[in-house]
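Q: My questions concern the predicted model and sequence given below.
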Amino acid sequence: MKLGLVGLGHFNVAQHAPSLVKYASEVEAIELVLCEPSSERLSAWRQRFGEYPAYESADAMLDAEELDAAYVTVPPAVACEVTEKFLHAGVPSFTEKPPGMTAEETQRLIDAAGDVQHAVGFNRRFSPVLRRMKEIAASEDGEALFVGCDFTRVGRYDPDFTTTLIHGIDAVRAIGGDLAELSVRKPMHDGEKPFRNYHIGGTFASGALLSLTALPVSGRAVERYTLVNEHLTVAAHLAMPGMDEPGEVFVYRDRELAERHVECDLGMDEAPDCVRFGFFDQARQFLDAVQHGGVAGTSFRESLQSVEVAEFLRHCPESARWTASRPR
């Protein structure tokens, strides 16, 4: 299998490339071809992972190589443009989140993909912690009544935090389903550097309630998810890059802590980071599907509502309401 690896930045080096190397050594061989315009990043990548053919642009790669698939890990602002090139060439494509900065860009990718296999890098959907949370909830009678998310970071003064926050948006959708309506508060805080906090309340299409609070500037970096139904409460603490907590799942029934699943129970304690954080299982599903058929991962269409909400948060006033734009 010849795989084009496009964009060799930090997350590629930290998570995606180790996932692909692990797949090639444990599952099936991969012949890598690189694409990176920065000679410094290319050199650093090769020093860590080895010498492979390289091109400075996606166009040059497509002109010279017959690829079986592409793994696109470029910055969000150019992800749609670059991924489109491979889809139009009929190359199955994985792209990091968000697939497009806007719903319009994401719809372009849906149209460009047609029947071409593809997947979007919402790795929370592959987290051992959230998977266990969903398994526990699915084993119980009753639908979810509430899904909550606490999403905090340290010193993230990003002018646009939504390209990170979209992970939390998509994760609550993975737990509770599609959203129906939201009420948003995103006050600006002045100081040495300005930043926004986000508080989002609303309902899912199922009728379940949602609460999501995002604090990009705080004393700890954590992601915590809560699911409540009639019979139990499940709390999940995610292990993710840069997080300050280990992965854990807590199950409460009748006011008591009934179960606690720690990293050794989740197969995470001695696993490499790319496994602990869901990147390897995400890569495996995509690569297995390309070679043997099946679902490649989170599709552009499945990602569309997450992009719509993130786009709304990027541009809406400090107090606003969002309603789902189309039935799903």
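A: Great, that's in hand.
Q: give the contact list for V13.
A: A44, W45, R48 (C-beta atoms under 8 Å, 6 or more residues apart in numbering). To be clear about C-beta, it is placed using only N, CA and C from the backbone, and glycine gets the same treatment.
Q: so which of these is the most crowded?
A: Counting neighbours by other C-beta atoms under 10 Å, W45 comes out on top of the contacts of V13 with 21 neighbours.
Q: element containing it?
A: helix 39-49 (DSSP states H and E).
Q: So which bits of the helix or strand containing Y23 are buried?
A: Following DSSP H and E, one finds Y23 within helix 17-26. Under the neighbour-count criterion of 16 or more other C-beta atoms under 10 Å, helix 17-26 has A17, P18, S19, L20, V21, K22, Y23, A24 buried.
Q: from these, which is closest to L212?
A: Nearest to L212, judged by C-beta to C-beta, of the buried residues of helix 17-26 is S19 at 27.7 Å.
Q: wait, that closest one sits on C274?
A: Yes: look at S19 against C274 with C-beta atoms under 8 Å: they come within range, at 4.4 Å.
Q: still on that earlier bit, can you check what angle separates the helix holding W45 from helix 17-26?
A: 40 degrees (axes from the mean of the first three to the mean of the last three C-alpha atoms, to 10 degrees).
Q: What is the subsequent helix or strand relative to helix 39-49?
A: strand 54-55.
Q: most centrally placed residue in this protein?
A: Geometric centre of the chain, nearest residue: F122, 1.9 Å, by C-alpha atoms, centre = their mean.
Q: Quick check: the spatially most distant residue from the centre of the chain vs L227, distance?
A: Distance from the C-alpha centroid of the chain peaks at D254, with 33.5 Å (C-alpha atoms, centre = their mean). In this view, D254 and L227 are 17 Å apart by C-beta to C-beta, to the nearest Å.
Q: Repeat that for S25.
A: Distance, S25 to L227, by C-beta to C-beta: 36 Å.
Q: same check, this time on A221
A: 22 Å.
Q: Give the residue from these two that has the larger number of neighbours.
A: L227 (25 against 19).
Q: give the contact list for the closest residue to that one other than its chain neighbours.
A: Nearest residue to L227 in three dimensions, chain neighbours excluded: V234, at 4.7 Å (C-beta to C-beta, 6 or more residues apart in numbering). The contact partners of V234, taken as C-beta under 8 Å, 6+ apart, are M133, I136, A137, T226, L227, V228, V249, F250, V251, Y252.
Q: ok so V234 is a strand residue?
A: Yes: counting by DSSP: H, G, I helix; E, B strand; the rest coil, V234 is found in a strand.
Q: any idea how far A144 is from it?
A: 10 Å.
Q: so what's in contact with those two at the same time?
A: Common neighbours of V234 and A144 (C-beta under 8 Å, 6+ apart) are A137, L227, V228.
Q: closest to G207 among these?
A: V228 (13.2 Å).
Q: Residues in a beta bridge with the closest one, which ones?
A: Taking DSSP bridges as the rule, V228 bridges to F146, T233.
Q: swap in F250?
A: Counting by DSSP bridges, F250 is bridged to A235, R260.
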